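*Asks:* pasting the sequence and the predicted coordinates here, then a few questions.
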Amino acid sequence: MPQEQYTHRSTLSNSEGPHVYKVGIYGWRKRCLYFFVLLLMILILVNLAMTIWILKVMNFTIDGMGNLRITEKGLKLEGDSEFLKPLYAKEIRSRPGNPLYFQSDRNVTINILNEDMKAVTQLVTGPQAIEAYGKRLEVKSNEGKLLFSADDNEVVVGADRLRVLGAEGAVFPKSLETPYIRAEPFHHLRLESPTRTLVMEAPKGIEINAEAGSLEASCRTDLRLESKDGEILLQAAKVKLPRLPRGSYSSSTGSSQKVYEICVCPNGRLFLSQAGSKSTCQINTIVCL
């Protein structure tokens, strides 16, 4: 520090000599001041060095920082990125030719909000299942053709063919409405109701066709074919009813009689009766009881 001195001359006595006063910082105060100034300079240099190191490590540039780049079209992330808070974006897409991955240790949830910030559509993918919430679900092909849709009223399968690959087939707890049911080539078609009744109804007729095989219908109790306004036509080279009951044997026709006539009971039951010169159905009406 500069030293300032001035001479004070007393007006009272001219015999006294001049007095000199020193103005400044001296001694240990001066050394402490130099120490603090040096410490401040060291802190400034360390802070500057740390700032430069952080900028270098975080890869700060004019275009962005780290894997984040600011472009004219938005933000561009390169490599793996981790978001600890919700991400709001208008569009998320990968680089051309590269897949887009969403990875989480638990669930991945995608929400679509309305104007009131309430979720109207939600997609939740978890370790147990994939759940979708919305008014309607649609799956379309690349050409825009509807393949599958589901809402509260119905489920629509728009594909040309519906294939069920399970060994047990398809199970319908309620009714099934379809214009056509067909098995795959060289496979059997089986309609079965193990514990209840199997009912087939159509306003304009039911056609059952097996072009290259046989047709079999079996049940435990009653098999009923009903036509209210039309007829039931059995058209084949041979029509066999091998297990019809037979009426009582008549000795007048002879034991070698092998010709029978088919009789119908009032309740619709069929039975066989040995043929004679006249109808023998009335003789064996006891079968109808």
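*Replies:* In hand now; what should we look at?
*Asks:* is it true that Ser273 touches Gln282?
*Replies:* No - the criterion here is CB atoms under 8 Å, and Ser273 misses it with Gln282 at 9.0 Å. In this view, the C-beta of every residue, glycine as well, is placed from N, C-alpha and C.
*Asks:* so if I had to pick from the two, which one is more boxed in?
*Replies:* Taking neighbours as other CB atoms under 10 Å, Ser273 and Gln282 compare with Ser273 leading, 22 against 9.
*Asks:* list the backbone torsions phi and psi for the residue sitting nearest the centre point of the chain.
*Replies:* In the chain, the C-alpha nearest the mean C-alpha coordinate belongs to Ile130, at 5.0 Å (CA atoms, centre = their mean). Backbone torsions for Ile130, taken as degrees, to the nearest 10, come to phi -110, psi 120.
*Asks:* and the pLDDT at the residue lying closest to it once chain neighbours are set aside?
*Replies:* In space, and not counting its chain neighbours, Ile130 is closest to Val124: 7.3 Å by CB to CB, 6 or more residues apart in numbering. Per-residue confidence (pLDDT) for Val124: 90.
*Asks:* quick one: Val124 from Lys204, how far?
*Replies:* Counting by CB to CB, to the nearest Å, the gap from Val124 to Lys204 is 46 Å.
*Asks:* ok, now Glu226?
*Replies:* In this view, Glu226 and Lys204 are 15 Å apart by CB to CB.
*Asks:* residue boundaries of the strands in the stretch 101-250 of the chain?
*Replies:* 108-113, 119-125, 130-133, 137-140, 146-150, 155-157 (DSSP state E, counting those that start in this stretch).
*Asks:* which residues does Ser149 bridge with?
*Replies:* Following DSSP bridges, Ser149 is listed with bridge partners Glu138, Val156.
*Asks:* Ile44 is in what secondary structure piece?
*Replies:* Taking DSSP states H and E as the criterion, Ile44 maps to helix 28-57.
*Asks:* which residue is the nearest non-sequential neighbour of Ile110?
*Replies:* Here the residue nearest Ile110, using CB to CB, 6+ apart, is Leu123, at 4.4 Å.
*Asks:* can you pull out the low-pLDDT segments for the stretch 1-150 of the chain?
*Replies:* Within the stretch 1-150 of the chain, the stretches with pLDDT under 70 are 1-24, 66, 79.
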